[in-house]
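Trainee: Following is a predicted model, sequence given first.
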Amino acid sequence: MQTLLRMLYPPRCLICGGLVESDFGLCAGCWRETPFLSGLACATCGAPLPGESEREEHCDACLASPPLWRAGCATLAYRDNGRTLVLMLKRGDRHDIAAAAGPWMAARARPLAGPETLVVPVPLHLRRHLRRRFNQSALLARGLAEALGLDWCPDALLRIRHTPVLEGRGREERFRTLADAIVANPKRAELLKGRPVLLVDDVLTTGATFYEATAACRAADTGAVCVCALARTVKDT
Ligand SMILES: [Zn+2]
Ligand SMILES: [Zn+2]
């Protein structure tokens, strides 16, 4: 069956559509042009750091004001093909991108997860969800949970206020806009109590969304919260 499917639908590159050898998602050319974050990174926000280290390292920003969550990671820099993939996923209903991204994210997120960890997407407001028909973070959470062999819950968190699109807004404004916008779903109280949580979002910019989602988890008495983003903005060096 698998072989027949492959003959009928040979795997194609997620970005250029060219034929690819494996299910890994990208052709060799697009792979080379995709900014995977593979080296040393800040243990809380996933920002790339120079050099190598045996220890857990943190960026200056996280040392100055540690995030609410315990640890975090990101898979791609949010530029070039990293940005292209996120935008294709967000705008194009591209479930295949989320499926391929699951193992990519798992490679970074595995040390943050234990057997009891619950994978939880950052929620979209219902109105935006209806317009877009799907929550890209939920697709990523499912892909990641499958790759890690963990449970996931698409509606563990809810966005109770409609918030404007954050793109292009400054740090202060993002935090202000999102304040108290996210809560734990009362129907999932049992599931969340004491459970370590791995939050998933498509892009980490200032961390405002993860901050609110982590605060909602804490209010629901979850275990430790870690975060994983498909991509993160990276300062030019
Ligand atoms: Zn390609
Ligand atoms: Zn950091």
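Mentor: That came through fine. Ligands and ions are numbered 1, 2, ... in the order given.

Trainee: In the protein, which helix is the longest?
Mentor: Counting residues, the longest helix found in the chain (DSSP state H) is helix 95-109.

Trainee: Just the C-alphas of it, formatted as PDB.
Mentor: Output of helix 95-109 as PDB, limited to C-alpha atoms (Å, rounded to 0.1, in the frame of the first residue of the first chain):
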ATOM      1  CA  HIS A  95      -1.100  20.400   6.900                       C
ATOM      2  CA  ASP A  96       1.800  18.700   5.200                       C
ATOM      3  CA  ILE A  97       4.100  21.400   6.500                       C
ATOM      4  CA  ALA A  98       2.900  20.700  10.100                       C
ATOM      5  CA  ALA A  99       3.400  17.000   9.600                       C
ATOM      6  CA  ALA A 100       7.000  17.500   8.400                       C
ATOM      7  CA  ALA A 101       7.700  20.100  11.100                       C
ATOM      8  CA  GLY A 102       6.700  17.600  13.900                       C
ATOM      9  CA  PRO A 103      10.000  15.700  13.700                       C
ATOM     10  CA  TRP A 104      12.000  18.800  13.200                       C
ATOM     11  CA  MET A 105      10.600  20.400  16.300                       C
ATOM     12  CA  ALA A 106      10.900  17.100  18.200                       C
ATOM     13  CA  ALA A 107      14.700  17.000  17.600                       C
ATOM     14  CA  ARG A 108      15.000  20.300  19.600                       C
ATOM     15  CA  ALA A 109      12.100  19.700  22.100                       C
END
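
Trainee: What pairs with whichever helix or strand comes after it, parallel or antiparallel?
Mentor: Counting by DSSP states H and E, the next helix or strand C-terminal to helix 95-109 is strand 118-121. With DSSP bridges as the test, strand 118-121 is paired with strand 151-152 (parallel), strand 197-204 (parallel).

Trainee: Could you single out the most deeply buried of these?
Mentor: Comparing the strands paired with strand 118-121 by mean neighbour count (mean count of other C-beta atoms under 10 Å), strand 197-204 ranks first with a mean of 25. The C-beta positions use only the backbone N, C-alpha and C, and glycine is treated the same way.

Trainee: what element comes up after that strand heading to the C-terminus?
Mentor: According to DSSP H and E, the helix or strand after strand 197-204 is helix 208-219.

Trainee: Run through the neighbouring helices and strands of that next one.
Mentor: strand 157-159, helix 171-178, strand 182-184, strand 197-204, strand 225-232 (3 or more C-beta pairs under 8 Å, 6 or more residues apart in numbering; DSSP states H and E).

Trainee: Any chance of those in a markdown table with mean pLDDT and distance to A99 as columns?
Mentor: Output for the helices and strands packed on helix 208-219, formatted as a markdown table (pLDDT from 0 to 100; distance: least, C-beta to C-beta, whole Å):
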| stretch | mean pLDDT | distance to A99 |
| --- | --- | --- |
| strand 157-159 | 93 | 22 |
| helix 171-178 | 74 | 29 |
| strand 182-184 | 94 | 26 |
| strand 197-204 | 97 | 14 |
| strand 225-232 | 98 | 12 |
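
Trainee: Of those, flag the one that's most buried.
Mentor: Taking mean count of other C-beta under 10 Å, strand 225-232 is the most buried of the helices and strands packed on helix 208-219, at a mean of 27.

Trainee: and it with helix 208-219, angle?
Mentor: Comparing the axes of strand 225-232 and helix 208-219 via axes from the mean of the first three to the mean of the last three C-alpha atoms, to 10 degrees yields an angle of 160 degrees.

Trainee: Report the inter-axis angle for strand 225-232 versus helix 95-109.
Mentor: Using the same axes, to 10 degrees: strand 225-232 against helix 95-109 is 120 degrees.
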